[in-house]
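Engineer: What follows is a predicted structure for the sequence shown.
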Protein chains: 2
Amino acid sequence: MTKVHNFSAGPCILPQEVLKQASEAVVNFNELDLSLIEISHRSKDFVEVMENARSLVKELLNIPDGYQVVFLQGGASLGFLMAAYNFLSEGETAAYINTGAWAGKAIKEAQRIGNVNVVASSEDKNFNYIPKGFGIPSDAKYLHFTSNNTIFGTQFKKYPISRIPLLCDMSSDIFSKEIEVNKFDLIYAGAQKNMGPAGTTLYIVKESALGKTGNDIPTMLDLRTHIKKDSMFNTPPVFPIFVSMLTLQWLKKNGGVKWIQSINEQKAKTLYDEIDRNPLFEGVTEKEDRSTMNATFVLKDDQQKETFDEMWKAANISGINGHRSVGGYRASMYNALPLESVQALVDVMKELERTKG
Amino acid sequence: MTKVHNFSAGPCILPQEVLKQASEAVVNFNELDLSLIEISHRSKDFVEVMENARSLVKELLNIPDGYQVVFLQGGASLGFLMAAYNFLSEGETAAYINTGAWAGKAIKEAQRIGNVNVVASSEDKNFNYIPKGFGIPSDAKYLHFTSNNTIFGTQFKKYPISRIPLLCDMSSDIFSKEIEVNKFDLIYAGAQKNMGPAGTTLYIVKESALGKTGNDIPTMLDLRTHIKKDSMFNTPPVFPIFVSMLTLQWLKKNGGVKWIQSINEQKAKTLYDEIDRNPLFEGVTEKEDRSTMNATFVLKDDQQKETFDEMWKAANISGINGHRSVGGYRASMYNALPLESVQALVDVMKELERTKG
């Protein structure tokens, strides 16, 4: 079977063996003669899935004691509101870094709860870099940022050094590299990049930091609700959590986050080296801020677009059209994308050079 | 293969052919050589799924013009908050009927937004009946109720006649019988009973009734956000929506809601007739309020529990233990449960009578 080289920006490629296991569980889960999706979430079999998924998160990210892990719903889009609700009160100020569309939405939701001080922004250059050297007000309640900007292809290579708590939307690079969880009061991430399918959102939270706002938080938006009930306050999104568990098992079995980080760096180097070498292409972002997850690039001469598009489609490459707000191309290289797929894209870029250069 | 008789209260039984189609799509969707769960939600193929799912809801429930259908996340538990946010302001009063655990949670969330007038309750008898003959204050903004009470096994057979708008949590009986949507300003329902797997929540809303509260509604909790973006404001829960679409296709192909209603009535009659006839058993709820979805019943003599439990397990029956707040047994007979499964349970009840009676 010709395998598609799947560069989709998310939902995105997942490991083949995970898809196979997930497919089997949809007809017969754990030899129960029942589907995973038609059993009670309170059954022993599903409770075990939930517990495995939470444990794998803790183990793979080396999460210290005092942190809680829950799998919720609503995507990072609901997370923007929950982050503010759980950590900010009316009249207080939170610091936000604006590195693009998602950061902007996080700011908007926080403004409903308290005051927002945008301490740094890269909006002046259509978000093609990560701001540096800005001050962080010590009286702000927290500093919020987006670790990787899927649309623009930028990524924080070093996290801000801050005396106030860090809150981070890591939707598009969690599990792609080692992180120091103890630097954060809250990490949240939609599953649909490196962790699993769309439909569940991971929250990693320092428990002692909760309950300090005095806010009357709606039940479902209060992280303590879900922690108290072991992530089962209401019916959880069973299938997305199960597939996340399988994906984390795959990651662990193969060597964990350290292993995938080295592969991700190799994939990114392979593609960016070609973007820089090939006279027909150029990158969109500042080199030092380039994302290992999402490489954005353009053709220097737009007249070659038609040929290039035909060539990569013929090579079974999928999902590299750029986001409408940036244009050009975006190759997303999430955990499950093999180096061979990046090589296939590089080969097409070289081939274009040979025919057009 | 011995098929399990799956009486689970939810997540619950789904049609075998739906599970098979869903399983296949997890490895290869629409012959794309890609999994359903690894493609962009903005791709033509998934947009079609979303549109089909929304159209099937409209068609199967005969929804009149002026109503919008969206598939969101968070379950009815988040719906409790969204209902109030979108229809109630601070200082205003809403009327609620308290028929059990879920209604109680709906009341709690609404109290954060405005005033709640509990106009009727069956709490005095552990929610074993549906209140009737109560007044509905004409100055309340709306009347909210839970159409079917999964835990207690009661169901509204007739909807309240009201001059104020009706809002209803139909999580556990939507698509089980014909309804008049035009009586409601809002219907919402978690998918995981008659519609699909856990992980998505259906909202059917009269569009002209929105935007009247003056509330500053958080983006993700504002129904207008999702209507404006055709239910794709952010990444939707792809798999749960796809399986919901398949389940609705199955329902349509077989004859729609009218067809399933007659089967559901037949299943309920078969079981309740046996509960009433068999001297060893008795029902938990008032007869006129018995749910066609969830039949709650007890053994008159608890000493027969061990034998009965062994017998139904031996007959491959699953999921009939009662909820801890009611005890005894609960047989959930959602759309996909065949009459044969109900007959299998009835046979075991008769067999117990023969051996113990």
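Structural biologist: Looks like it came in fine.
Engineer: Look up the closest residue to residue A:159, ignoring the ones flanking it.
Structural biologist: Distances taken as Cβ to Cβ, 6 or more residues apart in numbering or on different chains place residue A:183 nearest to residue A:159, at 6.3 Å, with adjacent residues excluded. Where C-beta positions appear, they are placed from N, C-alpha and C, glycine not excepted.
Engineer: Quick one: neighbours of the one you found, just the number.
Structural biologist: Look at residue A:183: counted by other Cβ atoms under 10 Å in any protein chain shown, it has 14 neighbours.
Engineer: Chain B versus that one, what's the distance?
Structural biologist: From residue A:183 across to chain B, the span is 27 Å (Cβ to the nearest Cβ, to the nearest Å).
Engineer: So for the one helix or strand residue A:269 maps to, what gets flagged as buried?
Structural biologist: Assigned by DSSP states H and E, residue A:269 belongs to helix A:256-277. By 16 or more other Cβ atoms under 10 Å in any protein chain shown, the buried positions in helix A:256-277 come out as A:256, A:257, A:260, A:261, A:263, A:264, A:267, A:268, A:271, A:272, A:274, A:275.
Engineer: For the helix or strand just after it, the averaged confidence score.
Structural biologist: Using DSSP H and E, the next helix or strand after helix A:256-277 towards the C-terminus is strand A:281-283. Averaged over strand A:281-283, pLDDT sits at 98.
Engineer: Please report the distance of the closest residue to residue A:286 other than its chain neighbours from residue A:99.
Structural biologist: In this structure, residue A:286 finds its nearest non-sequential neighbour in residue A:129, 4.0 Å apart by Cβ to Cβ, 6+ apart. Distance of residue A:129 to residue A:99, given as Cβ to Cβ, to the nearest Å: 9 Å.
Engineer: Next, show the common contact partners of the two.
Structural biologist: Both residue A:129 and residue A:99 are in contact with A:122, A:154, where contact means Cβ atoms under 8 Å, 6 or more residues apart in numbering or on different chains.
Engineer: Helices along the stretch 201-350 of chain A, start to end?
Structural biologist: Here the stretch 201-350 of chain A has its helices, by DSSP state H, counting those that start in this stretch, at A:223-228, A:238-254, A:256-277, A:305-314, A:339-356.
Engineer: The last one packs against which elements?
Structural biologist: Helix A:339-356 is packed against strand A:5-6, helix A:256-277, helix A:305-314, strand A:317-318, with contacts defined by 3 or more Cβ pairs under 8 Å, 6 or more residues apart in numbering or on different chains; DSSP states H and E.
Engineer: Now with 10 Å, please.
Structural biologist: Helices and strands touching helix A:339-356, by 3 or more Cβ pairs under 10 Å, 6 or more residues apart in numbering or on different chains; DSSP states H and E, are strand A:5-6, helix A:256-277, strand A:281-283, strand A:294-299, helix A:305-314, strand A:317-318, strand A:329-332.
Engineer: what would the helices of the stretch 201-350 of chain A look like in TSV with mean pLDDT and distance to residue B:91?
Structural biologist: Listed next are the helices of the stretch 201-350 of chain A as TSV, based on pLDDT from 0 to 100; distance: least, Cβ to Cβ, whole Å:
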stretch	mean pLDDT	distance to residue B:91
helix A:223-228	98	27
helix A:238-254	98	39
helix A:256-277	98	51
helix A:305-314	97	58
helix A:339-356	97	58
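Engineer: phi, psi of the residue lying closest to residue A:143 once chain neighbours are set aside?
Structural biologist: Closest residue to residue A:143 apart from its sequence neighbours, by Cβ to Cβ, 6+ apart: residue A:95 at 4.5 Å. When read as degrees, to the nearest 10, the backbone of residue A:95 gives phi -100, psi 140.
Engineer: Is it correct that residue A:95 is in contact with residue A:145?
Structural biologist: Yes - if you go by Cβ atoms under 10 Å, residue A:95 and residue A:145 touch, sitting 9.1 Å apart.
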